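Novice: here's my sequence, what's the structure:
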Amino acid sequence: MKVKELKISPVPENSTFSKIYAHVVVLTPILPIIILSIFAYLNQEVLRDLHKLFLENKLFLIFFFILWLGGMLNMSRETLNYLLTEEVCYVENKTFYYKKFRKAFGMKKLMKNLELTFSEILEVRELKKPSMVYYFLNPVAHRNSVEIETTDGKKYKIMNSVVFGNRNTQSPTSEITSQRANKIYNEVKKMISK
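Specialist: All right, here's what the predicted structure looks like:
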């Protein structure tokens, strides 16, 4: 028998605009290729001129391509792992269950499945705000609310508290996100302490 289930998602369920916008963010890295392909199809002379320009500046082209490819892969990974997700946790028969799903393009895929008995859980802690360096490394903001440490020394950081909405709810260091993180932490702590 489930005691209580906590389900959170960075993209609000009732906001169709946020769902569409989040999927557009996933497609943003490949947008330049799509636009260039359409533009080249419509105007063949531009394609020939770009080809000559790229042949003259090979070093710049290689450097730009490597930067673009790295940024594209990082942005897609961050978006799929932290933005288009749903996290569910619940307690059943003195066991804590946590599942993280990727919800993108109408599909739901299990990414992480955690099953811990209460005897395995050593400590439940609230995670603190990330530093400013965080913004440079992660294009899609996320902030896990809860850290669970087990008796064998493993640490699990779970439950993203950032909501994809306005500027205040997207910032992992904002007061609104801190309040939501605290609320999520208290609910998970209450679940485990029963």
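Novice: gap between L116 and E123?
Specialist: Separation of L116 from E123 (CB to CB, to the nearest Å) stands at 12 Å. Yep, even glycine has a C-beta here, placed from its N, CA and C like the rest.
Novice: what sits in contact with each of these two?
Specialist: Residues touching both L116 and E123 (CB atoms under 8 Å, 6 or more residues apart in numbering): I148.
Novice: ok, the two, which is more surrounded?
Specialist: Neighbours per residue, other CB atoms under 10 Å: of L116 and E123, the larger number sits with L116, 17 against 10.
Novice: what count of nearby residues applies to L47?
Specialist: By the criterion of other CB under 10 Å, L47 has 14 neighbours.
Novice: E86 in helix, strand or coil?
Specialist: Look at E86: counting by DSSP: H, G, I helix; E, B strand; the rest coil, its state is strand.
Novice: same check, this time on the one 5 residues further on
Specialist: Put simply, V91 is strand when judged by three-state DSSP.
Novice: in this structure it contacts Y98, no?
Specialist: No - using CB atoms under 8 Å, V91 is not in contact with Y98; the gap is 10.3 Å.
Novice: can you give me the strands for this protein?
Specialist: Using DSSP state E, the strands of the chain run over residues 2-8, 85-92, 95-104, 107-117, 121-126, 144-150, 155-160.
Novice: what sits against the spatially closest residue to F105 that is not a sequence neighbour?
Specialist: Using CB to CB, 6 or more residues apart in numbering and skipping residues adjacent in sequence, the residue nearest F105 is H23, 6.9 Å away. By CB under 8 Å, 6+ apart, the contact list for H23 reads L84, A104, F105.
Novice: where in the chain is pLDDT low?
Specialist: Within the chain, the stretches with pLDDT under 70 are 1-3, 130-141, 168, 170, 194.
Novice: middle-most residue in it, spatially?
Specialist: Y82 (1.0 Å; CA atoms, centre = their mean).
Novice: now do stretch 54-68: everything it contacts.
Specialist: So stretch 54-68 is contacted by P29, P32 (CB under 8 Å, 6+ apart).
Novice: could you give the separation of it from the chain centroid?
Specialist: 30 Å (CA atoms, centre = their mean, to the nearest Å).
Novice: before we move on, what about stretch 162-178?
Specialist: Relative to its chain's centre, stretch 162-178 lies at 13 Å (CA atoms, centre = their mean).
Novice: ditto for stretch 68-84
Specialist: Computed by CA atoms, centre = their mean, the chain-centroid distance of stretch 68-84 equals 9 Å.
Novice: any buried residues in that stretch, and which?
Specialist: Neighbour-count burial for stretch 68-84 flags M72, M75, S76, E78, T79, L80, N81, Y82, L83, L84 (criterion: 16 or more other CB atoms under 10 Å).
Novice: tally of neighbours for E87?
Specialist: Using other CB under 10 Å: E87 sits among 21 other residues.
Novice: that older thread, format the buried residues of stretch 68-84 as CSV; extra columns: distance to N57.
Specialist: Conversion of the buried residues of stretch 68-84 to CSV gives the following (distance: CB to CB, whole Å):
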residue, distance to N57
M72, 21
M75, 25
S76, 27
E78, 30
T79, 31
L80, 33
N81, 35
Y82, 36
L83, 35
L84, 37
